[in-house]
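Asks: Everything below, folded, please.
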Amino acid sequence: MADLAVPHAHSWVRPALRMLAWCGLVLCLHLTVTSPNAWAGEAALLAENPEQEARMMAIAGELRCLVCQNQTVADSHSGLAVDLRQEIREQLQRGQNEQQIRNYMTSRYGNFILYRPPVDRSTALLWFGPGLLAVGGLAFLWWTLRRRARMQADAFDPDTPDLPEQP
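Replies: Numbering: from 1, shown residues only. Next comes the predicted model:
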């Protein structure tokens, strides 16, 4: 019998891989061109007065970002933080001082927005809780060690190593 040219069973694999590679390349180029950082615009305008901008950043540094709660309003890039910084700028331009701005922010968002909330009944556990836990832990450790010191030596397991069991 003559050898007939039998097409390879997986003849579609190479063109499919080639097409997949081209699609991946096109996707990478698309993501590179359309990513938000690729077409970054101008930085947001700051206050005309550098002293006022420094005051705004000092106030914003004392306020917690409500979206990303482990950052200050000054450090955060969330939309709410940008709006809060703009609100602080506007209030400074109207002549309000730092305390008036903090009072406005706490009346609107509560004490949670402050990184250093005032000491009162609602925040007492926040201020004194860690110290109370540390004192309680040390007292428990002291009590346990004193109790163990008064125990007889035979109350403890012997310090001999475990021997293998004999058959």
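
Asks: same for the lowest-mean-pLDDT helix or strand in the chain, what does it pack against?
Replies: When the helices and strands of the chain are compared on mean pLDDT, DSSP states H and E, helix 13-34 comes out lowest with a mean of 74. For helix 13-34, there is no helix or strand it packs on, judged by 3 or more CB pairs under 8 Å, 6 or more residues apart in numbering; DSSP states H and E. Quick note: C-beta positions are derived from backbone N, CA and C, even for glycine.

Asks: Restricting to C-alpha, output it in CSV.
Replies: Provided in CSV are the C-alpha atoms of helix 13-34 (Å, rounded to 0.1, in the frame of the first residue of the first chain):
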residue,chain,number,x,y,z
VAL,A,13,-3.0,23.2,17.3
ARG,A,14,-0.3,25.4,15.8
PRO,A,15,-2.6,27.9,14.1
ALA,A,16,-4.7,28.1,17.2
LEU,A,17,-1.6,28.8,19.4
ARG,A,18,-0.5,31.4,16.9
MET,A,19,-3.9,33.1,17.0
LEU,A,20,-3.9,32.9,20.8
ALA,A,21,-0.5,34.6,20.9
TRP,A,22,-1.7,37.4,18.6
CYS,A,23,-4.8,37.9,20.8
GLY,A,24,-2.6,38.1,23.9
LEU,A,25,-0.4,40.7,22.3
VAL,A,26,-3.3,42.8,21.1
LEU,A,27,-4.8,42.6,24.6
CYS,A,28,-1.6,43.7,26.3
LEU,A,29,-1.3,46.6,23.9
HIS,A,30,-4.9,47.6,24.5
LEU,A,31,-4.5,47.5,28.3
THR,A,32,-1.3,49.5,28.0
VAL,A,33,-2.8,52.2,25.9
THR,A,34,-6.1,52.4,27.8
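
Asks: got the domain boundaries for this protein?
Replies: Following automatic domain parsing, one gets these domains for the chain: 50-113, 121-149.

Asks: Show me how far the shortest one is from its chain's centre.
Replies: In this view, domain 121-149 has its centroid 28 Å away from the chain centroid, taken as CA atoms, centre = their mean, to the nearest Å.

Asks: Great, nothing more from me.
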